[in-house]
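Asker: quick one, structure for this:
(2 chains)
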Amino acid sequence: DTEVTQTPKHLVMGMTNKKSLKCEQHMGHRAMYWYKQKAKKPPELMFVYSYEKLSINESVPSRFSPECPNSSLLNLHLHALQPEDSALYLCASSQQGSGSSGTQYFGPGTRLTVL
Amino acid sequence: AQRVTQPEKLLSVFKGAPVELKCNYSYSGSPELFWYVQYSRQRLQLLLRHISRESIKGFTADLNKGETSFHLKKPFAQEEDSAMYYCALRQRDTGFQKLVFGTGTRLLVSP
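Answerer: Next up, the predicted model:
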């Protein structure tokens, strides 16, 4: 299995809802990432997990809460989002370490709409 | 700060014409550079990376440290090359984990 999968594909939520995005990979990668991508813009890094520990948080608001339950799974918990948080949320994974290729493998994304 | 610049938002060429997508970077260390591509309705995927010095789908890119550039080239564009192309730099000072993306260039190849 050489793909990163993400569920759901689409999500519509109100500002008071709580929802979660899920990401899974079975390539044995020990680094996993969440990105936010607005229309016609490049992906913006949100979080990086390395060996299931949060290693980078790009000053993301606390209404986004990441979780890495094991080496294959990455979640993004959403609560009290704002309409401007509507975007495509991408998950990625890669090998970990200075000797690794650095190639990040991306999932198809979850298209989030906040009403 | 590390920065990746792609000066062209849109590059429109005819099939069979040569293509060059420009990428310049600023980085104080030794960079690792990548080109990622996003075809319509497909996920973002790696096209090539400078370390491997490979040619993928006829595309090549050479790292020019003197000019701090990593331009993507193809001698004869095909319609199926139409896509969004992102140049990206891997930052060593974050333990190699962080990719910084340029703003992207949309390549449109017309018949």
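
Asker: and residue B:90, what is it in contact with?
Answerer: Contacts for residue B:90 (C-beta atoms under 8 Å, 6 or more residues apart in numbering or on different chains) come out as A:102, B:31-34, B:96, B:98-99. For every residue, glycine as well, the C-beta is placed using N, CA and C.

Asker: how about it: what's its closest non-neighbour residue?
Answerer: residue B:32 (4.0 Å; C-beta to C-beta, 6 or more residues apart in numbering or on different chains).

Asker: the contacts of residue B:90 in strands, which ones?
Answerer: B:32-34, B:98-99 (DSSP state E).

Asker: which one in those is the model shakiest on?
Answerer: Within the ones in strands among the contacts of residue B:90, residue B:98 has the lowest pLDDT, namely 85.

Asker: if I read this right, that residue contacts residue A:55, doesn't it?
Answerer: No. Contact criterion C-beta atoms under 8 Å: residue B:98 and residue A:55 do not qualify, at 9.6 Å.

Asker: neighbour-wise, which of those two wins?
Answerer: residue B:98 (19 against 15; other C-beta atoms under 10 Å in any protein chain shown).

Asker: ok, what's across the strand from that one?
Answerer: With DSSP bridges as the criterion, residue B:98 is bridged to residue B:91.

Asker: ignoring the adjacent residues along the chain, who's closest to the residue of chain B found nearest chain A?
Answerer: Residue of chain B nearest chain A, by C-beta to the nearest C-beta: residue B:101 (3.8 Å). With C-beta to C-beta, 6+ apart as the criterion, residue B:101 has its nearest non-adjacent residue at 3.8 Å, and that residue is residue A:42.

Asker: pLDDT at that neighbour, what is it?
Answerer: 93.

Asker: give me the phi and psi for it.
Answerer: phi -70, psi 160 (degrees, to the nearest 10).

Asker: how far away is it from residue A:79?
Answerer: Going from residue A:42 to residue A:79 by C-beta to C-beta, to the nearest Å gives 26 Å.

Asker: need the pLDDT of residue A:97.
Answerer: For residue A:97, pLDDT reads 69.

Asker: quick one: name the residues of chain B near chain A.
Answerer: B:32, B:34, B:42-46, B:49, B:51, B:86, B:90, B:92, B:94-99, B:101-104 (C-beta under 8 Å from any C-beta of the partner chain).

Asker: shared neighbours of residue B:98 and residue A:55, anything?
Answerer: Shared contacts of residue B:98 and residue A:55, counting by C-beta under 8 Å, 6+ apart, come down to residue A:48.
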